[in-house]
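Visitor: Sequence and computational prediction follow.
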Amino acid sequence: MTLDWWSMGLQAVNVLILAWLLSRVFWRPVAGAIIRRQEAAQAMLDEGKTAQAKADAALAEVIEARAGIAAERDAILAEAMAAADIVAKAALKEAQTNADRVLAAARTAVERDKNTARKETGVRAAALSVEIAARLLGRFNTPVVQAAFIPKLVKAIAGLSASDRAALTTSAADLEIVTATDPEAAEKARIEHALRDALGGTAHLRLVTDPDLIAGLELRSAHFAIHNSWRADLENILKEVENAG
């Protein structure tokens, strides 16, 4: 077999020319496109990293803002709870104070009502006792008892001031000698005689009867009275009981 070196040489030259043409016409544009695609991809990656960094920064800001909002909310809630607690304690204290005041007023009112009721009961009891005593004493109103009031009335007249006694004796109106019962003529004369002597002998005397005296002898004028009877004594006792209450 014989080799054709000229044909092989020409084919080699053709291969070299083809390789040169491919490298100049095909491989360089393709390589350039690949490089440009790689650069674009890298640019996109870099842009994505930048965007991710910005997103991470924004997320961090959001998280920090949310943490700040939560802290502020907690602070506001704590402050509100503290203020509400203060208001509640103040309201409770005021309510307790008002309740204590109402209870104190109620106790005072109850005590006052008890004292009033006790006083009223005591006064009613005293009045009833006086009325019972008056009825009982009325049974003992005898001429002897009646006569015992004459010296007491004379002594009371003697105890008057000179001006009061003069006003009684010079009065144009009659002085009333008040008795519980209508005395006998002799007793009436004795009473008038004793009182005229006590008044100086010039008074105008008139004898009247008042059963409410129970027993006793009193001297009355239009503006003056000397009380000298069991009824007056019982009324004085009743006043003392009322004042003591």
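Guide: Yep, it's here. Numbering: from 1, shown residues only.
Visitor: Give me the phi and psi angles of residue 228.
Guide: The phi/psi pair for residue 228 (degrees, to the nearest 10) reads phi -150, psi 70.
Visitor: Next: residue 234.
Guide: Per degrees, to the nearest 10, the backbone of residue 234 is at phi -70, psi -40.
Visitor: if you go through this structure in chain order, where are the helices?
Guide: Assigned by DSSP state H, the helices in the chain fall at 5-21, 28-138, 143-147, 149-158, 162-169, 185-199, 230-244.
Visitor: Quickly note the distance from residue 211 to residue 178.
Guide: For residue 211, the distance to residue 178 equals 10 Å [Cβ to Cβ, to the nearest Å]. Quick note: C-beta positions are derived from backbone N, CA and C, even for glycine.
Visitor: which of these two has more neighbours?
Guide: The neighbour count for residue 211 versus residue 178, taken as other Cβ atoms under 10 Å, is higher for residue 178 (21 against 13).
Visitor: Is that one bridged to anything, and to what?
Guide: Counting by DSSP bridges, residue 178 is bridged to residue 208, residue 218.
Visitor: Domain map for the protein?
Guide: Per the record's domain assignment (automatic domain parsing), the chain is made up of the domains 67-139, 141-244.
Visitor: Just say which of these is most tucked in.
Guide: Stretch with highest mean neighbour count among the domains of the chain: domain 141-244 (a mean of 15; mean count of other Cβ atoms under 10 Å).
Visitor: what separates that one from the chain centre, distance-wise?
Guide: Between the centre of domain 141-244 and the centre of its chain there are 57 Å (Cα atoms, centre = their mean, to the nearest Å).
Visitor: Surely residue 143 is in contact with residue 186?
Guide: No: assessed by Cβ atoms under 8 Å, residue 143 is found out of contact with residue 186, at 9.9 Å.
Visitor: and stretch 75-89, what's its mean pLDDT?
Guide: Stretch 75-89 comes out with an average pLDDT of 79.
Visitor: For it, C-alpha coordinates in CSV please.
Guide: The C-alpha trace of stretch 75-89 is given here as CSV (Å, rounded to 0.1, in the frame of the first residue of the first chain):
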residue,chain,number,x,y,z
ALA,A,75,-44.7,49.5,79.3
ILE,A,76,-48.1,51.2,78.5
LEU,A,77,-49.9,48.1,79.8
ALA,A,78,-47.8,48.1,83.0
GLU,A,79,-48.4,51.9,83.5
ALA,A,80,-52.1,51.5,82.8
MET,A,81,-52.3,48.6,85.3
ALA,A,82,-50.4,50.6,87.9
ALA,A,83,-52.7,53.6,87.3
ALA,A,84,-55.8,51.3,87.5
ASP,A,85,-54.5,49.8,90.7
ILE,A,86,-54.0,53.2,92.2
VAL,A,87,-57.5,54.3,91.1
ALA,A,88,-59.0,51.0,92.4
LYS,A,89,-57.2,51.4,95.8
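Visitor: For that stretch, report the contacting residues that lie outside it.
Guide: For stretch 75-89, contacts defined as Cβ atoms under 8 Å, 6 or more residues apart in numbering pick out no residues.
Visitor: I'd like the distance from that stretch to the chain centre, please.
Guide: In terms of Cα atoms, centre = their mean, the centre of stretch 75-89 is found 27 Å from the chain centre.
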